[in-house]
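**Student:** need coordinates for the following:
(one chain, ligands or ions: 1)
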Amino acid sequence: MPHTHELFEAASRHIPGGVNSPVRAFKGVGGEPMFFKRGEGARMISESDRSYIDYVGSWGPLILGHANPKVVRAVQETAAQGLSFGTPTVLETRMADKVCDLVPSMEMIRMVNSGTEATMSAIRLARGYTGRDKIVKFEGNFHGHVDSLLVKAGSGALTFGSPSSPGVPASLAEHTLTLTYNDADGVRELFEHMGGQIAGIIVEPVAGNMNCVPPEPGFLETLREVCDAHGSVLIFDEVMTGFRVALGGAQQRYGTTPDLTCLGKVVGGGMPVGAFGGRRAIMEQLSPLGPVYQAGTLAGNPVTMAAGLATLEQIEEPGFHERLENRARELAEGLEERARAHGIAMTTNVVGGMLGIFFTEDEQVTRYHQVVNSNLDRFRLFFHGMLNRGIYLAPAPFEACFLSSAHGDAEIRETLEAADATLAELG
Ligand SMILES: N[C@H](C=O)CCC(=O)O
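**Tutor:** Got it, this is the predicted structure:
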């Protein structure tokens, strides 16, 4: 059986850092990344044949757990008919109808291949529609590795100490205005001065790339208000929250309607995917109807559509999201209780099937500075203690934990036992 260290060395020969996406490296927690070969429900099996309870879920898409039988069957049957045609397919129409039905603010939709493509295209569309260049984003929000949006970003960019990436031309970055997430006053103030120049606001309605930070009451409403008042486009990046925090996403949960929505992750059922859509008047500016160009050879790929549809059909079942959130709350409460018992300061945030764990004295975490000032050393120790006990958390301190419908009583119990032993060590 190959040793993980040898696998990592082999991977590192031709892959920068041995990984195809930086957060997979264990740089944020120390050590070397693990290699997995199989997933079953809530568990993943490593190359060294050890089973782990997985709270990463491929960074969000696997809301039904690993290798969900209906999703796997849909993929197999569709792949057997051909992998890609580069023509319209009926599956794309079915997907468009389904998403627009579940997310009513999306009157039209275009499929792409990643969340990054979705946010990049939505930004271009907002600029093309308004004829303005400036966009507003929030510090610690992450919208993929789009040039204009790799400014004060969250996720791996924050973990690795380069929230504003070299390689983004200053002349481009100067059009990105960055504000503090959940600071409604800051948003109003900026729009009073510059509203007429701002093409749009892009926001993660729940900040899942600075762990898991929900919007404060009134914050999303303020974004809607200023965009309406100044003719700017409100873009919700629901790549993480779409179909996860409610069937209709964060916009349904919090009751604020964006002009454009970006999707990814769950909508592809574990296959590479992205999508953006929204108000018809804006979407009709897209080529071939309008002048804003956007394209993709493999966009709307049939195998991806089949996996996504098989996923959406299952999560539509009444009570699905309530059950998922109850599980996440059970876990969060259990963690806090055990932390208290061992004298460790810990706060959790739960939104739907997303869970954020913060080692902090603060009773509530709602702001960026609280996230980055939480005790990251303690997180690292907690991460490794849990890993040693068979629990795979995100190997990066600013990433949320994701639960799936496959996480049952046994998994929660095992996770809490591991947490108890780990927190006892830390205490
Ligand atoms: N938080 C990131 C995306 O949502 C994690 C995935 C990645 O960067 O590979």
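
**Student:** residue of the stretch 301-427 of the chain nearest the ligand, please.
**Tutor:** Closest contact between the stretch 301-427 of the chain and the ligand, by CB to the nearest ligand atom, is at Glu399 (5.4 Å). In short, each C-beta sits where N, CA and C put it, glycine included.

**Student:** count the neighbours of that residue for me.
**Tutor:** 27 (other CB atoms under 10 Å).

**Student:** show the contacting residues for it.
**Tutor:** Contact analysis of Glu399 by CB atoms under 8 Å, 6 or more residues apart in numbering lists 23, 56, 59, 155, 208-209, 211.

**Student:** in a markdown table: these, plus distance to the ligand, secondary structure and neighbour count.
**Tutor:** Converted to a markdown table, these look like this (distance: CB to the nearest ligand atom, whole Å; DSSP: H, G, I helix; E, B strand; the rest coil; neighbours: other CB atoms under 10 Å):
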| residue | distance to the ligand | secondary structure | neighbour count |
| --- | --- | --- | --- |
| Val23 | 4 | helix | 23 |
| Val56 | 9 | coil | 21 |
| Trp59 | 4 | helix | 21 |
| Ser155 | 4 | helix | 27 |
| Gly208 | 7 | coil | 32 |
| Asn209 | 5 | coil | 28 |
| Asn211 | 10 | coil | 29 |
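
**Student:** for these, give me CSV that also has pLDDT.
**Tutor:** Rendered in CSV, the data for the contacts of Glu399 read as follows (pLDDT from 0 to 100):
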residue, pLDDT
Val23, 94
Val56, 98
Trp59, 98
Ser155, 80
Gly208, 96
Asn209, 95
Asn211, 94
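
**Student:** can you list the strands that the helix or strand containing Leu263 pairs with?
**Tutor:** In the assignment (DSSP states H and E), Leu263 maps to strand 260-264. Strand pairing for strand 260-264, determined by DSSP bridges: strand 233-237 (parallel), strand 274-278 (antiparallel).

**Student:** looking at those, which is nearest to the ligand?
**Tutor:** Closest approach to the ligand among the strands paired with strand 260-264 (CB to the nearest ligand atom): strand 233-237, 9.6 Å.

**Student:** quick one: the strand holding Leu263 near the ligand?
**Tutor:** No - using CB under 6 Å from any ligand atom, we find that strand 260-264 stays clear of the ligand, coming within 7.9 Å at best.

**Student:** offset the numbering so it begins at 26, please.
**Tutor:** Happy to do that; since the first residue is 26 now, the last one works out to strand 285-289.

**Student:** and for that strand, what's in contact with it?
**Tutor:** Applying CB under 8 Å, 6+ apart, the external contacts of strand 285-289 come out as 86, 124, 128, 130-131, 139-140, 143-144, 147, 150-151, 168, 225, 227, 258-265, 267-268, 274, 276, 298-304, 307.

**Student:** what is the neighbour count of the nearest residue to Gly303 once chain neighbours are set aside?
**Tutor:** Distances taken as CB to CB, 6 or more residues apart in numbering put Leu285 closest to Gly303, at 3.7 Å, once the chain neighbours are dropped. Neighbour count for Leu285, taken as other CB under 10 Å: 27.

**Student:** give the bridge partners for Leu285, please.
**Tutor:** Beta-bridge partners for Leu285, by DSSP bridges, are Ile260, Gly303.

**Student:** now it: how far from the ligand?
**Tutor:** Look at Leu285 and the ligand: by CB to the nearest ligand atom, to the nearest Å, they are 18 Å apart.

**Student:** same list, the strands paired with strand 285-289, but as CSV with mean neighbour count please.
**Tutor:** Shown next, in CSV, are the strands paired with strand 285-289 (neighbours: other CB atoms under 10 Å):
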stretch, mean neighbour count
strand 258-262, 29
strand 299-303, 28
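
**Student:** any stretches of the stretch 26-175 of the chain with poor pLDDT?
**Tutor:** Along the stretch 26-175 of the chain, the parts satisfying pLDDT under 70 run over 26-27.

**Student:** quick one, phi psi at the nearest residue to Gln222 once chain neighbours are set aside?
**Tutor:** Nearest non-adjacent residue to Gln222, counting by CB to CB, 6+ apart: Lys159, 4.8 Å away. Dihedral pair for Lys159: phi -70, psi 140, per degrees, to the nearest 10.

**Student:** buried residues, stretch 41-52. List them.
**Tutor:** 43-44, 47-52 (16 or more other CB atoms under 10 Å).

**Student:** CA atoms only: put that stretch into CSV for me.
**Tutor:** Extracted C-alpha coordinates of stretch 41-52, given in CSV (Å, rounded to 0.1, in the frame of the first residue of the first chain):
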residue,chain,number,x,y,z
PRO,A,41,2.4,22.8,-8.2
GLY,A,42,2.2,22.0,-4.5
GLY,A,43,0.9,18.5,-5.4
VAL,A,44,-2.6,19.9,-5.6
ASN,A,45,-5.0,21.2,-8.3
SER,A,46,-6.6,23.7,-6.0
PRO,A,47,-4.6,25.3,-3.1
VAL,A,48,-7.1,24.7,-0.3
ARG,A,49,-6.5,21.0,-0.7
ALA,A,50,-2.9,21.4,0.5
PHE,A,51,-2.5,21.2,4.2
LYS,A,52,-0.7,24.6,4.3
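
**Student:** which other residues reach that stretch?
**Tutor:** Stretch 41-52 is contacted from outside by 33-34, 36-37, 57-58, 84, 180-181, 184-185, 419-421, 424, using CB under 8 Å, 6+ apart.

**Student:** one more time with 10 Å, if that's ok
**Tutor:** For stretch 41-52, the surrounding residues in contact (CB atoms under 10 Å, 6 or more residues apart in numbering) are 32-37, 53, 56-60, 81, 84, 167, 170, 180-182, 184-187, 234, 405, 408-409, 412, 419-421, 423-424.

**Student:** by contact count, what packs against the helix or strand hosting Tyr77?
**Tutor:** If you go by DSSP H and E, Tyr77 is part of strand 76-79. If contacts are counted by 3 or more CB pairs under 10 Å, 6 or more residues apart in numbering; DSSP states H and E, strand 76-79 sits against strand 61-65, strand 68-71, helix 401-413, strand 416-417, helix 434-451.

**Student:** who in the stretch 276-425 of the chain is up against the ligand?
**Tutor:** Counting by CB under 6 Å from any ligand atom, the stretch 276-425 of the chain comes close to the ligand at Glu424.

**Student:** which parts of the stretch 276-425 of the chain are helices?
**Tutor:** Using DSSP state H, counting those that start in this stretch, the helices of the stretch 276-425 of the chain run over residues 305-308, 327-340, 345-366, 393-397, 401-413.
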